[in-house]
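> Need the 3D shape of this:
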Amino acid sequence: MRKLLIVESPTKAKTISKYLGKDYEVLSSFGHVRDLPKSKIGIDLEHDFTPHYVIPTKAKKTVTALKKAAAKADEVYLATDEDREGEAISWHLAEILGLDEAKAKRITFHEITKAAIEQAVEHPRHLDMKMVDAQQARRILDRLVGYSLSPLLWKKVQRGLSAGRVQSVAVRLIVERERERDAFKQEEYWSIDGEFTKDGAQFAGALIRHAGKKVEKMEIKTEADAKAIVDAVSGKTFVVGEIIKKKVKKTPPTPLTTSSLQIEANTKLGMSAKMTMQVAQRLYETGRITYMRTDSFNLAEAFLTAAHDYIGKEYGAEYRLAEPRLFKTKSKGAQEAHEAIRPTDAGAHPAQLKDDLQGAEWRLYNLIWRRTMATQMPEAEVERTAIDLICQGTETAFRANGSILIFDGFMKVYKASKETLLPSMTTGDAVSAVSVTPTQHFTEPPARYSDATLVKVLEEHGIGRPSTYAPTIATIVNRGYVERDESKKLFPTPVALQVTDILIEHFPNVVDYAFTAKMENSLDEIAEGTVEWVPMLTAFWGPFAANLKTKEAEIVKTKREEIPTEEICEKCGKPMVIKFGRFGKFLACTGFPECRNTKPLKQDSDTMEVISTEEKCAACGADMVVKQGRFGSFLSCSRYPECKTIKSLAKGTGVTCPQCNEGEIGERRSKRGKTFYSCNRYPDCKFALWSKPTGEKCPTCQSLLVLGPKGSIKCSNKECDYKTEAE
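The predicted model follows:
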């Protein structure tokens, strides 16, 4: 009997082929095979929001091959991912291939292992149309918002802008955080720290009490106050006062979900959300980890048994739990896969995979393995010690804090903390003060969002779902609403401020946190079968469409304010102003349209905004700073003009370098101003491309695919002729 099994990814197909017999042909759909058309809204608003699906040009060749294979097959297995997106792809395949329910067999699996694939093939099911309806409703809802609001923004603000149901809310979060920072008023305060010795061991202590009163964190406001305290204790002797010891247990972390994986990878590995999901996708498709789009804490019973045995064998009985530790999923509206992200093999220690996994793949696998194994190990036990150091003859005291790790428990494999050790002391012991130093501080504004903190706040608000976080962040960066600073934190561009204000004033529901979360809940209810998708869309579209029509006439086209300068037009003698164009700021004559003189905006060290960095100049060793030039941000030596060293500042693409498998491909500018893409580990790695990589690999030669002219996609390997045309 001839059997056809269809998955989305060629890598996934290759892995699964190893586990099935010769009766099976495993093919890839290369993602979606049908979608709404790009050229029009593609939804019949008069007939229950009926979508008009088309086969994209790039998928036509694949669809033809799948039809031929399906016609020859006795059975067709649809093995796309087990979430709503995967269910919808299987439904589209069934529609295109003309499969009936008796012939189409839907199978799902949480991991790509031999046992999981064989189990899935033995227990096929029918398509879950409730999940399909939920995905279809989301797609239509996003299309209605995007294709209605985006043209309005083109007319009223500038061409090329877009709005989205989730992306606009994410932009609002970033805009509001930036405005909090702008409104923040800095305050000065001082801290006083001492360095002490006891029996030759040196340790630190911080001021906690002066003149018999507790010293709060920001209580010392001026240098004079700080100096007075330092003078009061200078030359005095110290003795050990109260010693407080407390044993504390540290609880292991929860298993990884999509959001916590993105947060951990961003915090510990510096990966963007997009890069994290791309790397995790490859680990899943090659059978290293379980499915990576999930909000469940559940771990399979078989894995728990294997982890229990491995921990006892490798680390000893004291690190093995008597019973598996189970976690209850707290995520509101949890609806993705039914197991957390974990290694498929508990015994596959990262050290064993150094030759098989390289760069970002190994680092992410190492994090997943260690975090998962830690969940099944005992609590760590720490003894925390606080020692008061009393300045004799005064009512001033310092406190030294330290801790001793009594039992490392789960920290044996995950996040072993660095402990501050204190020398042995008893009450009344004399202690020598090496130095007492006042330090000036200033309060800091709320931090900008990183990928990790933005994902966390989106999840807290119930906005989006695990599969949407990474593409949402990538979208708002790629569309110019958000940029990254030197520490990769997200900040809004001027147009983001403008668009957000318009949406808040005229379309408050679109960017309202509670309303967006409510829509997500409605989609969950569709997937559960408790809500019908057409009435849900009707309830949204009626008021939205009416408001859209009203606002089209009401909103006045905004014009960005011009900035006066002292520059004089050399052609007509009139003042020049700074204007904002498609490619940034430029100088223009106020005599327009009679005088059309324009020129690039030259910025000198006195007027150019600079941002400090920790990078050092390769030529003179001074600090490098971020400056804004004609082609955007770049690194410049802080000693300019004495030292004229500059360096391009790459914008990340989230694509791992295929040459070194460690760096990330970033956008740069050549000396002639031409954009190119290269590894951020240059000069250690000199991989470069002239076209932007998509993050996907060529199905023919496995080289990176890049964007071609007019939206086409082509292989970056000049010897390979693979290419897909734009729609």
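> rest of the way, CA atoms for contacts and neighbours
Will do.
> Who are the contact partners of Val121?
Val121 sits next to 77, 107 when contact means Cα atoms under 8 Å, 6 or more residues apart in numbering.
> What residues of the host helix or strand of it count as buried?
Counting by DSSP states H and E, the element that carries Val121 is helix 114-122. Within helix 114-122, the residues scored as buried using 16 or more other Cα atoms under 10 Å are 114, 117, 120-121.
> swap in stretch 473-489?
For stretch 473-489, by 16+ other Cα under 10 Å, it's 473-477, 480-486, 488-489.
> averaged over its residues, what pLDDT does it have?
Mean per-residue pLDDT for stretch 473-489: 87.
> Is it correct that Tyr189 is in contact with Glu216?
No. When contacts are counted by Cα atoms under 8 Å, Tyr189 is not listed as touching Glu216 (10.6 Å).
> Following element in sequence after the helix holding Val121, please.
Assigned by DSSP H and E, the successor of helix 114-122 is helix 129-156.
> Contacts for stretch 22-29 next, please.
With Cα under 8 Å, 6+ apart, stretch 22-29 has contacts from 1-10, 13-14, 16-17, 59, 62-63, 66.
> Just the buried subset of those, written out for PyMOL, thanks.
Selection of buried members from these for PyMOL, criterion 16+ other Cα under 10 Å:
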select buried, resi 3+4+5+6+7+8+9+10+13+16+17+59+63+66
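> Give me the subset of the contacts of stretch 22-29 lying in helices.
Counting by DSSP state H, the contacts of stretch 22-29 place 10, 13-14, 16-17, 59, 62-63, 66 in helices.
> What residues of the helix or strand harbouring Thr453 count as buried?
Here Thr453 is covered by helix 451-461, with elements defined by DSSP H and E. Buried residues in helix 451-461, counted by 16+ other Cα under 10 Å: 451-456, 458-459.
> In CSV, list the residues you listed along with distance to Glu180.
Listed next are the buried residues of helix 451-461 as CSV, based on distance: Cα to Cα, whole Å:
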residue, distance to Glu180
Asp451, 19
Ala452, 19
Thr453, 16
Leu454, 15
Val455, 19
Lys456, 19
Leu458, 18
Glu459, 21
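> Of the residues you listed, just say which sits nearest to Pro641.
The nearest member of the buried residues of helix 451-461 to Pro641, counting by Cα to Cα, is Asp451 at 35.7 Å.
> Pipe the buried residues of stretch 473-489 into JSON lines and attach secondary structure and distance to Asp225 per row.
Listed next are the buried residues of stretch 473-489 as JSON lines, based on DSSP: H, G, I helix; E, B strand; the rest coil; distance: Cα to Cα, whole Å:
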{"residue": "Ile473", "secondary structure": "helix", "distance to Asp225": "46"}
{"residue": "Ala474", "secondary structure": "helix", "distance to Asp225": "49"}
{"residue": "Thr475", "secondary structure": "helix", "distance to Asp225": "51"}
{"residue": "Ile476", "secondary structure": "helix", "distance to Asp225": "48"}
{"residue": "Val477", "secondary structure": "helix", "distance to Asp225": "46"}
{"residue": "Gly480", "secondary structure": "coil", "distance to Asp225": "48"}
{"residue": "Tyr481", "secondary structure": "coil", "distance to Asp225": "46"}
{"residue": "Val482", "secondary structure": "strand", "distance to Asp225": "43"}
{"residue": "Glu483", "secondary structure": "strand", "distance to Asp225": "42"}
{"residue": "Arg484", "secondary structure": "strand", "distance to Asp225": "39"}
{"residue": "Asp485", "secondary structure": "coil", "distance to Asp225": "36"}
{"residue": "Glu486", "secondary structure": "coil", "distance to Asp225": "36"}
{"residue": "Lys488", "secondary structure": "coil", "distance to Asp225": "38"}
{"residue": "Lys489", "secondary structure": "coil", "distance to Asp225": "36"}
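> Going by distance to Ser234, which of these wins?
Among the buried residues of stretch 473-489, Glu486 lies closest to Ser234 (Cα to Cα), at 41.4 Å.
> Quick check: the gap between that closest one and Trp369.
From Glu486 over to Trp369 the distance is 31 Å, taken as Cα to Cα, to the nearest Å.
> can I see the domain layout of this structure?
Following automatic domain parsing, one gets these domains for the chain: 3-127, 145-184+447-554, 188-251+380-442, 258-374, 563-600, 650-724.
> What's the end-to-end length of the first one?
With Cα to Cα applied, domain 3-127 spans 18 Å between its terminal residues.
> what bits of the stretch 501-650 of the chain have low per-residue confidence?
The model of the stretch 501-650 of the chain has pLDDT under 70 over residues 558-561, 580-585, 601-615, 626-634, 648-650.
> all helices in it, in order from the N-terminus.
Ranges of helices within the stretch 501-650 of the chain are 513-528, 533-554, based on DSSP state H, counting those that start in this stretch.
> Repeat that for the stretch 151-300 of the chain.
167-183, 223-233, 258-264, 273-285.
> Which of the ones you listed sits closest to Pro438?
Nearest to Pro438 among these is helix 223-233; the distance by Cα to Cα comes to 6.1 Å.
> what packs against that closest one?
strand 188-198, strand 430-442 (3 or more Cα pairs under 8 Å, 6 or more residues apart in numbering; DSSP states H and E).
> With respect to burial, which of these scores highest?
Counting by mean count of other Cα atoms under 10 Å, strand 188-198 has the highest mean neighbour count of the helices and strands packed on helix 223-233, with a mean of 18.
> Listing partners with orientation, what would you give for that one?
Its sheet considered, strand 188-198 pairs with strand 201-210 (antiparallel), strand 430-442 (antiparallel) by DSSP bridges.
> next one: it to chain centre, how far?
38 Å (Cα atoms, centre = their mean, to the nearest Å).
> mean confidence score for it?
For strand 188-198, mean pLDDT is 95.
> Could you check the angle that strand makes with helix 223-233?
Orientation check (axes from the mean of the first three to the mean of the last three Cα atoms, to 10 degrees): strand 188-198 against helix 223-233 gives 20 degrees.
> List of residues touching strand 188-198?
202-207, 217-223, 226, 230, 398, 423, 430-443.
> contacting residues for Glu444?
Residues in contact with Glu444 (Cα under 8 Å, 6+ apart) are Gln186.
> so what's the residue nearest in space to the middle of the chain closest to, chain neighbours aside?
Central residue of the chain (Cα atoms, centre = their mean): Ala273, 2.5 Å from the mean position. With Cα to Cα, 6 or more residues apart in numbering as the criterion, Ala273 has its nearest non-adjacent residue at 4.8 Å, and that residue is Ala470.
> tell me the secondary structure for that neighbour?
The assignment at Ala470 comes out as helix when based on DSSP: H, G, I helix; E, B strand; the rest coil.
> Let me have the helices of the stretch 501-650 of the chain in a markdown table, extended by mean neighbour count and distance to Leu153.
Formatted as a markdown table, the helices of the stretch 501-650 of the chain follow (neighbours: other Cα atoms under 10 Å; distance: least, Cα to Cα, whole Å):
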| stretch | mean neighbour count | distance to Leu153 |
| --- | --- | --- |
| helix 513-528 | 19 | 20 |
| helix 533-554 | 13 | 10 |
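> among the ones you listed, which is nearest Leu45?
Taking Cα to Cα, helix 533-554 is the member of those nearest to Leu45, at 9.2 Å.
> now for that closest one, which elements pack on it?
On a contact count with 3+ Cα pairs under 8 Å, 6+ apart, helix 533-554 meets helix 129-156, helix 513-528.
> before we move on, the earlier item: out of the ones in helices among the contacts of stretch 22-29, which comes closest to Pro252?
Nearest to Pro252 among these, counting by Cα to Cα, is Ile16 at 34.0 Å.
> any idea how far the nearest residue to the closest one once chain neighbours are set aside lies from Thr305?
In space, Ile16 comes closest to Ile112 once its chain neighbours are excluded; the distance is 6.9 Å by Cα to Cα, 6+ apart. Applying Cα to Cα, the value for Ile112 to Thr305 is 19 Å.
> For the closest residue in space to Leu523 that isn't next to it in sequence, list the residues it contacts.
Spatial nearest neighbour of Leu523, excluding adjacent residues (Cα to Cα, 6+ apart): Ala134 at 5.4 Å. The contact partners of Ala134, by Cα under 8 Å, 6+ apart, come to 84, 523-524, 526-527, 533.
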